[in-house]
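Asker: Quick one, fold the following:
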Amino acid sequence: MAQPRKAASRSRKARASTAPGAMPDIVYAQASPRSIGGTSLFDAQELINKETALNFTSDEDLVLNAAARLNSVGFDVLQVSPLTINIAGPASLYEQVFGTKLRTEERPVIKEQGRKDTATFIDTADTPVSGLINTSGSHLEDVLEGVAIEEPRYFHQNPFPPSVNYWHLDVPGDVSLGINADRAHRAGITGRGIKVIMCDTGWFRHPYFVGRGYRSSPVVLGPATANPNDDEVGHGTAESANAFAVAPDIDFTMVKLSFVNTIGAFNAAVALSPHIISCSWGSSQLNPPLSAADQALAAAISLAVAHGIIVVFSAGNGHYGFPGQHPDVISAGGTFMNPNGTFTASNYASGFASVIYPGRNVPDVCGLVGMLPRAAYIMLPLQPGDQIDVDLATSGAWPNGDNTAQNDGWATISGTSAAAPQLAGVCALVKQACPHLTPAAVKSILKSTARDVTTGTCNPATGGNAAGPGPDLATGSGLVDANRAVLVAKIRCLGPIRPILPIRPIQPITPAPIQPITVKPITPVQPITPVQPITPVRPPIGVVGPIRPQPIQPIEPPIGLGPRPAETEAQEESAGGPLSAEEIAALEELVLESDDADLDL
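Answerer: Residues are numbered from 1 along each chain as shown. Okay, the predicted model is just below:
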């Protein structure tokens, strides 16, 4: 059920923390055509979820008309979706068309690797919702109900990795083993036929990927991006290796995004109709209300899930992650695997109870994540000399750096940015095992089969909540277990099974008397006069006598079988019904309670 908003909080705007930065040359936004439900996307009295998202879509003809009119007044129309139209233009154009005044504000944010900083946000003074432009009074008010200004968001060539002298994980083997995916692979569940899309900084065709024959489609450029063959930052390339480690046969596509136009990239991913979308980015949102851009992003996520797409978001690295706290996503937290194979909560990963969505605890389940200060934990491939490669190589010795060269195409990173594609890989295995499962069912399976993590605490920036027996705010339901999740998915996909009935016994045959056949003598039609006399070989055929049959003895039935009582027939007719819900639950419970050694099915 959707959660009611706190009306009193809707008028609050985020407060600037320092002097405003310069207005960017181009401002990106999401224009919302009038919703078919009659209520504006930005006026909904309840937070939008997968049950209500369709009410905020728009008529196709209206969307196309609005896009044409926006283009006619000078906006670049970058993308059209059922919910919003992605537009771009200088600040002066927004001010002229909508009769408003845009201003910049510096607000506190948490950037990559948990670094606290400020970022430039764009706002307007004429609406109570942060980042919302009012269209009333403009000549577009008949087709548009509001315009949400995009906000900045951040990440939560050697084919072999370099050797480093600290505890870390290598891909694919260590990650696959830690997630317990190897057993599923041996059973033929590798993600084959499942389409996974990541929205991230791009994807570089590293020799690591080429040498292993992973399936990848050409990079799709999201709105406001360029250079499809390059990943200048390195984040998308590196984190994608986590998905391949867990599900090596997925059909993979990267949608390259701009961090000042993320909704456009997410909608581009949805338009490709994947099974799964993995996102390792977001913002930190502790309290309501959501900004206009966050409302538009939340609605886009809910609409995707309503159409059957599994959406995975990282919970954050000290962030109160949004959209990681959205109730329709699978929220990815962090667990650290020690050298002895034991697990503890990652103190780098976020864990909290959402205030925006009451009753929503974050994360749902965990992947493998390192520890403070920088979670330098999983050795991952990236484009040589990119931003991350240089940054970690020049940040000193481990744990602040990664002890690798700045142009070797490898870096040791993790965070919940790594956990999200790991979970996406597990979702791919589950979907291969049982294709008809809904996003909610997949989330339920991941949570019910996760391994409980009972030691450690989550990031102190989100409360430092402690792990303990059962679900908790540090690790959610625990570390995801790919093999158990796949087995439960197979059980869910069994469908009705009727037991094999025994073959009915053969009944004895009661013979009837056979009447003898009387054969009359053959009379020639006319005498045959041969040209030459024929000497008969044998005497002429005489009269054929009647056949005298012998009586047929009845066939004895097999030992132990005989005539079947009426009650036996009735019992068989009532047998063979489908597996009941209780029987399915019992099988799942058997899987959950069994030792790993007993689960090589």
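Asker: for Asn267, helix, strand, or coil?
Answerer: helix (DSSP: H, G, I helix; E, B strand; the rest coil).
Asker: burial count for the closest residue to it other than its chain neighbours?
Answerer: If the residues on either side of it in the chain are set aside, Asn267 comes closest to Ser81, at 4.2 Å by CB to CB, 6 or more residues apart in numbering. For glycine as for every other residue, the C-beta is placed from the backbone atoms N, C-alpha and C. Neighbourhood size, Ser81 [other CB atoms under 10 Å]: 21.
Asker: Now Ser81, what are its backbone angles?
Answerer: Main-chain dihedrals, Ser81, degrees, to the nearest 10: phi -130, psi 170.
Asker: now do the one 5 residues further on
Answerer: Per-residue torsions, Asn86: phi -80, psi 120 (degrees, to the nearest 10).
Asker: What residues does it make contact with?
Answerer: 28-30, 77-80, 223, 261, 263-264, 267 (CB atoms under 8 Å, 6 or more residues apart in numbering).
Asker: repeat that for 10 Å
Answerer: Taking CB atoms under 10 Å, 6 or more residues apart in numbering as the criterion, Asn86 is in contact with 28-31, 67, 75-80, 150, 222-224, 261, 263-265, 267-268, 296.
Asker: Then Val591 would be within a helix, right?
Answerer: Yes: assessed with three-state DSSP, Val591 lies in a helix.
Asker: Grab the nearest non-local neighbour of it.
Answerer: In space, Val591 is closest to Leu487, 4.8 Å off (CB to CB, 6+ apart).
Asker: Just the buried positions in the strand or helix carrying that neighbour, please.
Answerer: Element membership of Leu487 [criterion: DSSP states H and E] is helix 482-492. Neighbour counts over helix 482-492 (16 or more other CB atoms under 10 Å) mark 482-492 as buried.
Asker: quick one: average confidence on stretch 191-207?
Answerer: Mean per-residue pLDDT for stretch 191-207: 98.
Asker: Do me a favour and get the end-to-end distance for that stretch?
Answerer: 21 Å (CA to CA, to the nearest Å).
Asker: Just checking the distance from that stretch to the centre of its chain.
Answerer: For stretch 191-207, the separation from the chain centroid amounts to 13 Å (computed by CA atoms, centre = their mean, to the nearest Å).
Asker: show me where pLDDT drops low in this structure?
Answerer: For the chain, residues meeting the criterion pLDDT under 70 lie at 1-18, 157-158, 495-509, 511-512, 514, 516-580, 583, 596-601.
Asker: how does it divide up, domain by domain?
Answerer: With domains defined by automatic domain parsing, the chain comprises 8-149, 154-492.
Asker: Highest mean neighbour count out of those domains?
Answerer: domain 154-492 (a mean of 23; mean count of other CB atoms under 10 Å).
Asker: Now do the end-to-end distance for it.
Answerer: 37 Å.
Asker: What of stretch 67-79?
Answerer: Stretch 67-79 end-to-end distance (CA to CA) = 9 Å.
Asker: now stretch 458-474
Answerer: Termini of stretch 458-474 sit 5 Å apart (CA to CA).
Asker: Next: stretch 295-314.
Answerer: Termini of stretch 295-314 sit 18 Å apart (CA to CA).
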